[in-house]
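Participant: Here's my sequence, what's the structure:
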Amino acid sequence: MRVVSKDGDNIISWSIILIPLFWILGVKFVFFQVSALIILLLNIKNKSIINRFTSNRENKLFVMLLMGFILSNIIAIIINPMGFKASEFISTFYHLSYWGSGIIITIYLVNSDDETNSFKAIKNAIYILAIFQVIIFIISIMQWNIGDVWKERHGLIYNLIPFMSENTFLSEVTSINLSFADWVNGSAKYRFNGFYIYPATAGITTFYILCYLGGFNKLRVKKYNDIIKYFTIITLCICIYLTRSRMVYLSIIVGFLFTSILLILSKKNFKYIIYTIIGLVFISIILIFSFDIIDKTILARPESSIDRFSTYIYSIKTALKYPFFGVGDKFAVEGVYLLIGSHSTYTNILVRSGFIGLLFFLSSLIVVFVKILNNKKKIGCIKSRNLWFVTSLLFFTTCIWMATEEIDWPSITIFMFFINIAIIFSFDKIATNFNELAYKNIKICFPTSSGGHLTHLLQIKDVWENKERFWVTFKKIDAESALRKEKVYWCYYPTNRNVKNLLKNTFLAIKIIFKERPDLIISTGAAPAIPFFYIGKIFGAKLIYIEVYDRIDLPTLSGKIIYPICDEFIIQWEEQRKYYKDSKLLGGLF
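Facilitator: Numbering: from 1, shown residues only. Modelled structure (predicted):
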C-alpha cells in the first residue's frame, strides 16, 4: 500500500495517518497549520508549482476569492466597529489560519508534478486512518457499556502545561472524549465523537473517510484484506449513525440526491428529471407529515434548536447593522446562550466579515461548482465517474452541512474539505490517466436481439475485435452460429408485450452486470437492451445506442426508451434526427 510519494505528499499523507496521535497528544488543533507551513517551506522556491498555479485560471480564481474573504475579515478587525479588545481577535486569526492553510494545501496538490499518485497516497492514508477509527469506536462502545462516559478527558499536553486548564478554548480543543451522552427525545443517548471535536464533525468527517474508502473499489470479497475493508466500511456507517447528528443525516441525503441528479442530467432527459424531482418532493412532504419526522429530528433536541435559531436571527441583525465588513469576531449577548455568529459557517463569515466577505466566500464555492460541471465532461470510465461522484458528493454535502456547523474550527473536517477541493481541481489530469488506462483494458457488453440487430453489431467488428467483450442475446440458430467463438449469455424471449420475460431479463441484467462490470454497453436494440442499459447506467457504464438502419420514418420503441440515458445516441439517417435531436449521424453500417 502506497502512502508516500514526494515531500509535500508525504506531509499530507502522514498528517492523515497520525491524526489519532495528534489527538492523544492534544495538538490536533494545530496539525493542519503545521502541515501547511512545512509544505510551504519545502516548496516556496519550487518554480514549477508557481508557474502551474499562475497558468491555472480556475484554481487561481478560487484562491483569490478566498484571499478576498480573509482580507475582508482583516479589514473588519482593523475597523473594529464594536470596540472589541485586541486580545479578543486572537480566535479570529486562528480561524483565518485554517483558510490560509487550506489555500497552501490546495495550491500544492493541484499543481504538483503527479496528481494521480498524490491522490493514491492520500486515499491509502485515509484507509489507515479508517482502521484507527474503527478501533476507537469499539473502545468507545465498551466505555459506554460500563458507564464510563461522563468523565472529562484531555490530551497529554493539557496535563503538562499548567495554564491550559484555565483557558476554555484550550480545554475544549485538547479534549479526547470518545463519546458524549446527550438528551435526545427525553432520554440520554450515546453519541460517537472519536478523535473529533464534537459529534457533528465526527459524522461529516467519517463520511469523507467512508467515501474515499468505499467509493473507488469494486465490491468483492476474495481476499483477507477485502474482508477488513468492508468490515471497516460497515463500521464507519454505524459511526455516522451513532453521531446522531441531524444535520449530517440531512446533508448526506440531500447531497446524494443532488449529485445523482447532476450526474444523469442532460438535455435529453431534462424534463424527466424535473418530473422526478417534483415527485420526490411531493412524496417527501407526505412522509414528513405521516411519520412525524419533524418531531423526531428538528424537535428531538428542542433546546439546541431554539438556541441555534436565536443566534442565527441575531447574526442577521448584526450583519444588517454592519453590512460591509462585519464586526471582525463572534461575540456574546446577554440572553442568547450561543455566541453570535456561531453554529454556521455562513453566518460566522457574515458576522465576522460582512456581506463583502460572504460574497467572496460564496463566489469561491461557485467556482468549485462550475469546475465540477466541467469535470463531468471528462468522465470516460467507471473510475473517473466514481472519482467525480465522490468528490462532488463530498463538496455538496459539506456545503449543506456548513449551514448549521462551523468548518473553520479545530477539527479534521476542513483539512479533508480542502484535500477534496484540490482533487476536484486536479480532476482533468487524474481522470485522463484513468480513462487512458481504462481504454486499454475496456470491457464491452453487447445486449441485442438476434437477427438484424445482431448483424448491425457484427458490422463494426473493427471497433471491438481487440477488446474484452461479452454478448447477451437470444439462443437462436443464427446467434449460436455467429457467436460460436464469443462469450455469450443467453437471455429470455419472446420479448414483445411479454412482461414476464422483461422482468426475468432485468434480474439477469443485474446478475451479469454485477459480475462482469462492463465499462461500455453498445446495442442496436431491441428489448434485451433496455434492462441492460438502465442497470448499466446505475453501475457507471458508458452507453452507446445505434438506431437501426431500416427505421427511417418512425423511431423504434427501444430507441425512445433508451434515448434519455444514453451517453451517445447514433443514427444512420439524417431523417432520424427529428426523433432524436441530440444524436450523432454515423451513416449506414451496411
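
Participant: going forward, measure contacts between C-alpha atoms and count neighbours the same way
Facilitator: Noted.

Participant: Just list the residues touching Gly540, thanks.
Facilitator: Gly540 is in contact with 381-382, 385-386, 519, counting by C-alpha atoms under 8 Å, 6 or more residues apart in numbering.

Participant: Where does it sit, in terms of helix or strand?
Facilitator: For Gly540, there is no helix or strand it lies in under DSSP states H and E.

Participant: Look up phi and psi at it.
Facilitator: Backbone geometry at Gly540, expressed as degrees, to the nearest 10, gives phi 90, psi 10.

Participant: quick one on the thing from earlier: quickly check the contacts of Gly540 for the two that are furthest apart.
Facilitator: Across the contacts of Gly540, the longest distance by C-alpha to C-alpha is 12.2 Å; it joins Asn386 and Asp519.

Participant: Name the residue in these two with the higher neighbour count.
Facilitator: More crowded of Asn386 and Asp519, by other C-alpha atoms under 10 Å: Asp519, with 24 against 18.

Participant: Verify the stated contact: that one with Ile538.
Facilitator: No. Using C-alpha atoms under 8 Å, Asp519 is not in contact with Ile538, being 11.9 Å away.

Participant: quick one, what contacts Phe195?
Facilitator: With contact set as C-alpha under 8 Å, 6+ apart, Phe195 has these partners: 19-20, 23, 133, 176-178, 202.

Participant: Make sure Asn496 is indeed in a helix.
Facilitator: No. Secondary structure of Asn496 (DSSP: H, G, I helix; E, B strand; the rest coil): coil, not part of a helix.

Participant: Flag every buried residue along the host helix or strand of Asn501.
Facilitator: Asn501 is part of helix 499-516 when elements are defined by DSSP H and E. Neighbour-count burial for helix 499-516, with 16 or more other C-alpha atoms under 10 Å as criterion, is recorded at 501-502, 505-506, 508-510, 512-513.

Participant: between the contacts of Gly540, which is closest to His456?
Facilitator: Taking C-alpha to C-alpha as the measure, His456 lies nearest Asp519 of the contacts of Gly540, at 20.5 Å.

Participant: what about the nearest residue to the closest one once chain neighbours are set aside, neighbour count?
Facilitator: Leaving aside its chain neighbours, Asp519 sits nearest to Ala541 (4.7 Å; criterion: C-alpha to C-alpha, 6 or more residues apart in numbering). Around Ala541 there are 25 other residues, counting by other C-alpha under 10 Å.

Participant: so how far is Gly380 from Ala541?
Facilitator: Remark: distance between Ala541 and Gly380 (C-alpha to C-alpha, to the nearest Å) = 9 Å.

Participant: same question, Ile430
Facilitator: Distance of Ile430 to Gly380, computed by C-alpha to C-alpha: 11 Å.

Participant: Let me know how buried the residue lying closest to Ile513 once chain neighbours are set aside is, in neighbour terms.
Facilitator: Of all residues not flanking Ile513 in the chain, Gly536 sits nearest, at 6.6 Å (C-alpha to C-alpha, 6+ apart). When counting by other C-alpha under 10 Å, one arrives at 24 neighbours for Gly536.

Participant: quick one: secondary structure of Gly536?
Facilitator: Gly536 ends up helix, using three-state DSSP.

Participant: Tell me which residues touch it, please.
Facilitator: Counting by C-alpha under 8 Å, 6+ apart, Gly536 has contacts 513, 518, 521, 542-543.

Participant: Distance of it relative to Ile521?
Facilitator: The value you get for Gly536 to Ile521, if C-alpha to C-alpha is used, is 7 Å.

Participant: In stretch 248-257, which of the residues would be classed as buried?
Facilitator: 248-249, 251-252, 255-256.

Participant: Then stretch 74-83?
Facilitator: For stretch 74-83, a neighbour-count test (16+ other C-alpha under 10 Å) marks 74-77, 80 as buried.
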